[in-house]
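Visitor: Show me the folded form of this:
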Amino acid sequence: MDANVILRRFASTPEAERSSSSGLSDHDWRKLDRLVRAAVNDSHQYEARKLRSSVHHLSVQYELLKHENEGLKEALQHKKKHRKKGKALDLQQRQEYHGGSVFWSPRKLREARAREAVRERDETEEKLQKARSKKQREEARLQRQDELEERRVERQRLKEMRELERAEKAAERARQKEERDAAKAIQLPQKGKRRASAATSSNNKRQKRVEAARAGAQVQEEPPAPPSKLTSRGRNVNLPSKYR
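Guide: The predicted structure follows:
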């Protein structure tokens, strides 16, 4: 019985994998960010920014795992290819060999197999090292991208805070101006009343001074009374009114 026929029935095809995956097969965090913005009413709220940051973090982690998995698959496939080729063992013939049939001892065969195993292990380690270097470069790139996104979100948050502070200060200035205008509107009629009262009082005082001056002038205009006459004994003599 051919085992490969049975295994092929359970092996997943690329078409099946693509059909089972979501629409965002590349897991581009920009697409996810646009979806979050479209789903959330106010994308500038703290919860929305937190959700976008979490989605971006998960996307970065997915990319790292994907690259690591690809590197391991590549190393495994390379190892399998070397096993299938069935290369001849490096038995390290002596320099004086000039052709013909050669018989090798079991010790030579063991040494050749050991050298082949070391060579394959070194090749596998080299492949893994390349995969790790590639993963580290990708991690650094995604880390820089993540930091740039966090800085952008922080700049947006600070900008919104400054705009809110400016709006609050402008509203406070407008409120204070309204209070001053209202206070001035109340004070103007009171000042008018005080000025009218002061003018009336001043006119009354001026009228009183004029009347007093007139009364003094009338008193000065009246002739002085004639001196009274005395008798020889020192008594006052009252003259009849017709002789006054």
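Visitor: Residue ranges in this structure under the pLDDT threshold?
Guide: 1-33, 41-46, 79, 81-105, 190-205, 210, 212-244 (pLDDT under 70).
Visitor: ok, which stretches of it are helices?
Guide: 3-10, 14-20, 29-39, 46-85, 106-221 (DSSP state H).
Visitor: Would you mind putting those helices into JSON lines with mean neighbour count alongside?
Guide: To be clear about C-beta, it is placed using only N, CA and C from the backbone, and glycine gets the same treatment. Output for the helices of the chain, formatted as JSON lines (neighbours: other Cβ atoms under 10 Å):
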{"stretch": "helix 3-10", "mean neighbour count": "8"}
{"stretch": "helix 14-20", "mean neighbour count": "9"}
{"stretch": "helix 29-39", "mean neighbour count": "14"}
{"stretch": "helix 46-85", "mean neighbour count": "14"}
{"stretch": "helix 106-221", "mean neighbour count": "11"}
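Visitor: E74 is in contact with A131, correct?
Guide: Yes. The pair A131 / E74 is scored as a contact, 6.4 Å apart, by Cβ atoms under 8 Å.
Visitor: Overlap in contacts, the two.
Guide: Here A131 and E74 have no joint contacts, going by Cβ atoms under 8 Å, 6 or more residues apart in numbering.
Visitor: contacts for stretch 136-152?
Guide: Here stretch 136-152 has contacts from 53, 56-57, 60, 63-64, 67, using Cβ under 8 Å, 6+ apart.
Visitor: can you rerun that using 10 Å?
Guide: 29-30, 33, 52-53, 56-57, 59-64, 66-68, 71 (Cβ atoms under 10 Å, 6 or more residues apart in numbering).
Visitor: pretty sure K135 contacts A75?
Guide: No. When contacts are counted by Cβ atoms under 10 Å, K135 is not listed as touching A75 (11.9 Å).
Visitor: Just give the nearest non-adjacent residue to V60, would you?
Guide: Among residues not flanking V60 along the chain, L142 sits closest, at 4.6 Å (Cβ to Cβ, 6 or more residues apart in numbering).
Visitor: Can you tell me how far that neighbour is from K135?
Guide: Using Cβ to Cβ, to the nearest Å, L142 is found at 10 Å from K135.
Visitor: shared neighbours, those two?
Guide: By Cβ under 10 Å, 6+ apart, the residues touching both L142 and K135 are 64, 67.
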